[in-house]
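Enquirer: Sequence first, predicted model second:
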Amino acid sequence: MTAPNTVALATSAAYPELAPDDRLLLAPLARRDVRAEPVVWDDPTVRWTDYGAVVVRSCWDYHLRADAFARWIDRLEGAGVPLWNPPRVLRWNADKRYLRDLARDGVPTVPTRWADGSTRESLAELLASSGWADAVVKPAVSASAFRTWRVSARDALAHESEFRATLAAGPALVQPFVRAVVGEGEWSLVFLGGAYSHAALKRPRAGDFRVQQEHGGSSVRAEPAASVIAQAASIVARYAADCLYARVDGVVDDGAFRLMELELVEPHLFLEMRADAAELLADGIARVVSRGAAENAEKTK
């Protein structure tokens, strides 16, 4: 039987008690009379219908079992369990090919070439035809820079087997290496309930290009230019207006902000960087739990 004032904070087996940042939600939710529990998303013993809502948080292994994650979303939706962010958003955003939609809509993004197992063009030919001397290759379904690697045009022939191995595992994207990442850094703008909350500026360690902490990257709270916030806000308003949380990642390149990722599945939200950020997200979670309880009560009348 569903307990209306309970919420499952979906996590992965590597973080059974949630990542430290997400644990900041527990006390604020308790103060709002919402009982929150960390629950591993692929634990077969879990009865998801026992929860008033499920919020995806530290599911940082979903890309390793993308099909199973998609089936999990389908099961919860089919059972009528409120899932946040919404199922259609999770499905769309879990594959980086969503970037094609944004680029087609005129959102300034990093130029991208798409490839899969049917691609005949070699990596060297692809870089030559694109005019890119330095590039990054990443799977279309990936997180935390999983299987993401950098290659130069002069070394591309030597990496053809690696390129083919990447494509054998699934579709991939090739992008020019954005030097601003190792210069100013990469921005992550966090939105809670559709409103801008705070931002982190991420930089890779010396000699690397990956900004993620597990690869030696670092992050600090910083405030981007008002124009960057406005641009990020317009992206969230268009594609994530009904989301509990969103993170807009991008770089300021030649004075213009370019989107690198719109993170709507399980982004690190840097809640520790703003004193009341966990409170704001807890407000949003409490609202959806309350709304779900009201809808369930209406159904049982």
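Expert: Yep, it's here. Numbering: from 1, shown residues only.
Enquirer: What residues are bridge-paired with the residue nearest to the spatial centre of the chain?
Expert: Closest to where the C-alpha atoms of the chain average out (Cα atoms, centre = their mean) is residue 263, at 3.0 Å. When assigned by DSSP bridges, residue 263 has beta-bridge partners residue 247.
Enquirer: ok, now which ones touch residue 166?
Expert: For residue 166, the contacting residues are 137, 139, 147, 172, by Cβ atoms under 8 Å, 6 or more residues apart in numbering. Heads up, the C-betas are built off the backbone N, CA and C, glycines and all.
Enquirer: give me the number of residues near the nearest residue to residue 194 once chain neighbours are set aside?
Expert: Nearest residue to residue 194 in three dimensions, chain neighbours excluded: residue 241, at 5.6 Å (Cβ to Cβ, 6 or more residues apart in numbering). By the criterion of other Cβ atoms under 10 Å, residue 241 has 11 neighbours.
Enquirer: got any ranges where the stretch 1-150 of the chain has weak pLDDT?
Expert: For the stretch 1-150 of the chain, applying pLDDT under 70 flags the ranges 1-3, 143-146.
Enquirer: Could you pull out the helices in it for me?
Expert: Taking DSSP state H, counting those that start in this stretch, the helices of the stretch 1-150 of the chain run over residues 20-23, 26-31, 66-78, 87-93, 98-104, 123-130.
Enquirer: Out of these, which is closest to residue 5?
Expert: Smallest distance to residue 5 across the helices of the stretch 1-150 of the chain (Cβ to Cβ): 9.6 Å, for helix 26-31.
Enquirer: Pull out the buried positions in stretch 12-31.
Expert: For stretch 12-31, a neighbour-count test (16 or more other Cβ atoms under 10 Å) marks 12, 15, 18, 19, 21, 22, 23, 24, 25, 26, 28, 29 as buried.
Enquirer: Residue 170 versus the residue lying closest to the last one once chain neighbours are set aside, what's the distance?
Expert: Distances taken as Cβ to Cβ, 6+ apart put residue 36 closest to residue 29, at 4.4 Å, once the chain neighbours are dropped. Taking Cβ to Cβ, to the nearest Å as the measure, residue 36 falls 34 Å from residue 170.
Enquirer: Save the helices of the stretch 1-150 of the chain as TSV, and put in distance to residue 194 too.
Expert: Putting the helices of the stretch 1-150 of the chain into TSV (distance: least, Cβ to Cβ, whole Å) gives the following:
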stretch	distance to residue 194
helix 20-23	20
helix 26-31	19
helix 66-78	22
helix 87-93	13
helix 98-104	17
helix 123-130	36
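Enquirer: out of those helices, nearest to residue 250?
Expert: Across those, residue 250 has its closest neighbour in helix 98-104 (11.1 Å, Cβ to Cβ).
Enquirer: what sits against the residue nearest to residue 29?
Expert: Residue 36 touches 6, 7, 8, 9, 25, 26, 29, 30, 285, counting by Cβ under 8 Å, 6+ apart.
Enquirer: in this protein, which spans are strands?
Expert: Per DSSP state E, the chain carries strands over the ranges 3-11, 35-40, 51-58, 83-84, 113-115, 134-139, 149-152, 172-176, 186-192, 195-203, 218-221, 245-253, 256-263.
Enquirer: Need the contact partners of the third one.
Expert: Meaning strand 51-58. With Cβ under 8 Å, 6+ apart as the test, strand 51-58 has contacts from 2-12, 15, 18-19, 22, 25, 37-39, 41, 48, 76, 81-85, 90, 244, 265-266, 285, 288-289, 292-293, 296.
Enquirer: Please list only the buried members of the residues you listed.
Expert: By 16+ other Cβ under 10 Å, those give 2, 4-12, 15, 18-19, 22, 25, 38-39, 41, 48, 76, 81-85, 90, 244, 265-266, 285, 288-289, 292-293 as buried.
Enquirer: coming back round to it: show the model's pLDDT score for the residue nearest to the centre of the chain.
Expert: pLDDT recorded at residue 263 is 97.
Enquirer: isn't it right next to residue 247, touching?
Expert: Yes: with contact defined as Cβ atoms under 8 Å, residue 263 reaches residue 247; the gap is 4.0 Å.
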